[in-house]
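J.: Got a predicted structure here, sequence first:
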Amino acid sequence: MTAFWQGAYTWGMRWPLLGIAWIAAVSGCGGGSGSSEAVQVAVSSTNSCATFRDGTVRCWGSALAQRGGGVTPSYLPGKYRLELRLSEEELRTPNKVVNLKDVVETVVSSQHSCSRLKNGQVRCWGKVPRRRDVVPYPIAEPEVSDAAQIALMDESTCIRHTNGTVSCVGQVEFAGLSGVTDLQARGDLACAIVSPGTVQCWGNSSKGERGDGVSAQQISLPTPTVIKRKPGGQWFLGRTISCHLSSSGQAQCWNSTTSEMVFATSAQDVLQSFAMSDSGSCGVLSNHTLRCWNYAWQPTDKKGMLDSPQQIVVSGDHQCARLASGQVQCWGDSWRGTSEDALRQDGPWLVEGLGKAVDIGSNHDLTCAVVEDGSVRCWQASRQLKTMEGVTDAVQVSMGVKHTCVRQARGTVVCWGFGDRGQLGREGESETWASQPQKPEQVVGVTGAEQIVVGDDTTCVRLTNGAVQCWGDNRRGQLGQGYFSEEGTKSKSATPQFVSLPRPAVDLYGYARTFCAKLTDGNTACWGINVGLVEAKKIPPTQPTAVVGITDALQVAVAPSHACARTKAEKVYCWGSNEKGQMGDGTWGEGNIRAEPVEIALLRGASEIWVSLGATCGRRQDRRVICVGMSQQTPWELPGLVTQAAQIALSYGQSPLFSPPPYPGCAVMNNGSLACWDFGVTQPTQVRW
């Protein structure tokens with residue numbers, strides 16, 4: 001084994017974090033000739049291409065004609081599935097692209113590849129955007145003779161011309177921008193540096209990847225956000241749906257997937273109150289009829305209300321109402337009993353022996369009531385009351401998936417149940433507290449509580465001064481701290497945290513993983529999962545928008561769901577998806593996005609940056625390449641061999657439709673050879689042609 005390969009193997013074995021090892025050094029058979037010295041390499045999610053000193057191009061790792069071998073495609077049932085009948089070893093072997101010379105730059109996408117020639121022309125092959133079929137050999141982009149740079153979105157080709165303008169053809173088609181000094185694109189996103197250093201992006205905006213402060217898909221709200229969709233009235237929250245009850249008693253509901261309205265009550269149905277759960281919604285009409293709607297919004301009337309309802313709760317297969325008299329009536333599987341006659345009926349059932357209830361709560365098959373003596377009594381379908389031991393002085397009860405909390409008359413809070421996410425307000429062993437329910441104990445750090453709301457694994461309280469505190473699970477921003485994470489210290493907190501609200505709260509409500517506070521000015525601010533509360537914002541993909549705050553960019557790097565800029569001040573700013581921790585702040589998880597640029601302090605002083613589908617990397621002054629992301633809490637380093645690299649290219653994901661997958665990254669070494677690395681490889685393999 002040569003010294004080169006010994007170094008590659010050694011560094012591969014010293015990089016266990018992601019299970020990545022060096023796999024290939026691509027060298028020609030001509031030893032030192034122009035056909036064996038690479039000058040540039042590009043990697044996509046399905047293929048890789050290298051440009052050589054003699055102006056030729058070699059490609060590998062794709063089955064959509066991006067190999068450029070001139071083979072006529074034969075179609076499988078999928079419209080664009082091309083069967084080359086090559087083995088995995090053959091697909092990994094670089095293939096010389098036909099009819100191509102004098103190339104100075106080659107770029108690749110998951111659909112097509114393009115080369116820029118010395119004379120300013122551009123040749124493309126694969127699923128070329130302006131063609132409806134797959135082209136297995138290079139064809140000229142018409143009327144292009146002044147290309148200074150090319151960048152490929154998956155279904156579009158963008159060109160920076162020598163006069164500084166940009167044009168794109170394909171799914172995103174436009175001609176505009178001037179003074180452009182750099183152009184980068186990947187997936188459905190493109191960004192350009194515009195003199196004197198601002199950055200403009202176009203294409204996809206679903207996760208804030210344009211950096212303009214706008215996100216079309218606002219999955220989570222880690223910071224309390226004022227809801228502008230329906231001012232006034234009151235919001236009610238479900239797991240995937242939110243409903244608004246106006247002051248006139250009309251209800252409207254939206255879902256979290258499309259942010260579109262899914263239900264509205266008729267003008268004749270005036271609701272006095274409303275409640276939601278996983279199983280449906282219910283409202284009380286003016287005639288005291290309890291009307292409930294299932295998932296398909298089909299109504300069922302639950303008649304027999306004895307008195308004016310003061311409070312209704314909906315959960316699982318039952319509904320309960322607390323009446324003005326303090327009695328509690330239930331329908332469905334709550335206090336039904338076990339007799340055959342009862343099982344054939346839907347209710348209502350009057351909970352006997354309870355005493356005068358002052359508050360009720362429910363979750364799944366369990367309902368609890370606070371009675372006037374300050375105790376808490378609970379029941380299920382069987383007609384048996386259970387008094388919670390150790391709970392006194394209670395005035396309000398709220399129930400989550402695995403835990404229950406009460407507010408006491410003196411303003412303190414007591415919680416019990418499972419506490420693996422810190423929802424009980426006290427620390428404990430996660431595994432033990434996830435399997436063994438804990439007894440009631442007072443939450444430390446909460447005084448002056450005036451209202452309590454329990455979600456799935458999170459608890460929030462409103463204090464007498466209008467402040468709000470939350471503790472427990474924070475995997476979707478339920479703590480309202482401006483951050484959240486799938487794992488790590490920022491994913492939960494057993495210590496109550498103050499929520500930064502724009503104004504004091506006068507009401508608090510929540511469900512599952514979403515919380516809302518009604519403020520003193522009448523507005524409502526919500527945090528956690530966006531269950532249709534914030535409307536989706538759509539920006540035309542052909543409309544470039546400016547990245548907020550970037551004015552001195554030297555380099556821009558683009559991945560399909562996030563982008564970064566390196567500035568003259570030697571700082572690195574990134575925006576878009578942080579779902580794999582690409583922003584380097586130790587947080588990640590679904591819906592974790594940054595719609596505006598944030599600095600990655602770890603990469604300050606970097607001389608070059610790269611981004612991939614789940615990572616951000618930068619070369620430090622010692623030439624080591626440090627990366628953040630890939631759902632790792634700590635930074636990690638590319639193998640030491642890259643210190644010898646003249647140019648590095650990272651992939652932006654792997655497609656399960658193709659075999660074999662491409663290398664996650666490749667580098668042009670100082671001696672003109674190519675080195676590529678892959679996942680899960682235990683021994684490097686040299687690739688020749």
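T.: Now that the structure is in, tell me what you want to look at. Here the structure is a predicted model, which is why all the values come from computation and not from measurement. Numbers count the residues shown, from 1 in each chain.
J.: Just the strands from the stretch 451-600 of the chain, written as ranges.
T.: 458-463, 468-473, 492-498, 505-511, 514-519, 524-529, 545-546, 553-558, 562-567, 572-577, 593-599 (DSSP state E, counting those that start in this stretch).
J.: pLDDT weak spots in this protein?
T.: The chain contains residues with pLDDT under 70 at 1-34, 62-65, 69-90, 257-258, 341-342, 429-430, 639-643, 653-663, 678-689.
J.: Domain map for it?
T.: Following automatic domain parsing, one finds the domains of the chain at 3-76+92-130+140-205+551-577+604-688, 220-529.
J.: so which of those gets nearest Gly591?
T.: Comparison of those against Gly591 by Cβ to Cβ identifies domain 220-529 as nearest, at 3.6 Å. Any C-beta I mention is one placed from the backbone N, CA and C, and that applies to glycine too.
J.: What's the end-to-end length of that closest one?
T.: 4 Å (Cα to Cα, to the nearest Å).
J.: Same question for stretch 256-263.
T.: End-to-end distance of stretch 256-263 (Cα to Cα): 13 Å.
J.: How about residues contacting that stretch?
T.: By Cβ atoms under 8 Å, 6 or more residues apart in numbering, the residues outside stretch 256-263 that reach it are 219, 240-243, 251-255, 293, 297, 529-532, 534-536.
J.: repeat that with 10 Å
T.: 216-219, 229, 238-243, 251-255, 281, 293, 296-297, 514, 529-537 (Cβ atoms under 10 Å, 6 or more residues apart in numbering).
J.: So among those residues, which ones count as buried?
T.: 216-219, 229, 238, 241-243, 251-255, 281, 293, 514, 529-534 (16 or more other Cβ atoms under 10 Å).
J.: Which residue is the nearest non-sequential neighbour of the most centrally placed residue in the chain?
T.: Nearest to the geometric centre of the chain sits Gly591, at 2.6 Å (Cα atoms, centre = their mean). Nearest residue to Gly591 in three dimensions, chain neighbours excluded: Ile219, at 3.0 Å (Cβ to Cβ, 6 or more residues apart in numbering).
J.: Pull the contacting residues for that neighbour.
T.: Contacts for Ile219 (Cβ under 10 Å, 6+ apart) come out as 206-207, 256, 476-477, 529-530, 534, 579, 589-593.
J.: any chance of the residues you listed in a markdown table, with distance to Gly618 too?
T.: As requested, the contacts of Ile219 are arranged in a markdown table below (distance: Cβ to Cβ, whole Å):
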| residue | distance to Gly618 |
| --- | --- |
| Ser206 | 26 |
| Lys207 | 22 |
| Ser256 | 36 |
| Arg476 | 29 |
| Gly477 | 28 |
| Ile529 | 33 |
| Asn530 | 32 |
| Val534 | 33 |
| Glu579 | 20 |
| Gly589 | 23 |
| Glu590 | 26 |
| Gly591 | 26 |
| Asn592 | 21 |
| Ile593 | 21 |
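J.: Derive a PyMOL selection command for the buried subset of these.
T.: Applying 16+ other Cβ under 10 Å to the contacts of Ile219, the buried members can be selected in PyMOL as follows:
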select buried, resi 206+207+256+476+477+529+530+534+579+589+591+592+593
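J.: Can you point out the helix or strand that includes Pro635?
T.: strand 632-637 (DSSP states H and E).
J.: Quick check: the residue lying closest to Gly283 once chain neighbours are set aside vs Ser286, distance?
T.: In space, and not counting its chain neighbours, Gly283 is closest to Leu271: 3.9 Å by Cβ to Cβ, 6+ apart. According to Cβ to Cβ, to the nearest Å, Leu271 stands 8 Å off from Ser286.
J.: of these two, who's got more company?
T.: Neighbours were counted for Leu271 and for Ser286 using other Cβ atoms under 10 Å; Leu271 has more, 18 against 10.
J.: For that one, which residues are in contact?
T.: If you count contacts by Cβ under 10 Å, 6+ apart, Leu271 has them with 245-246, 248-251, 265, 282-286, 291.
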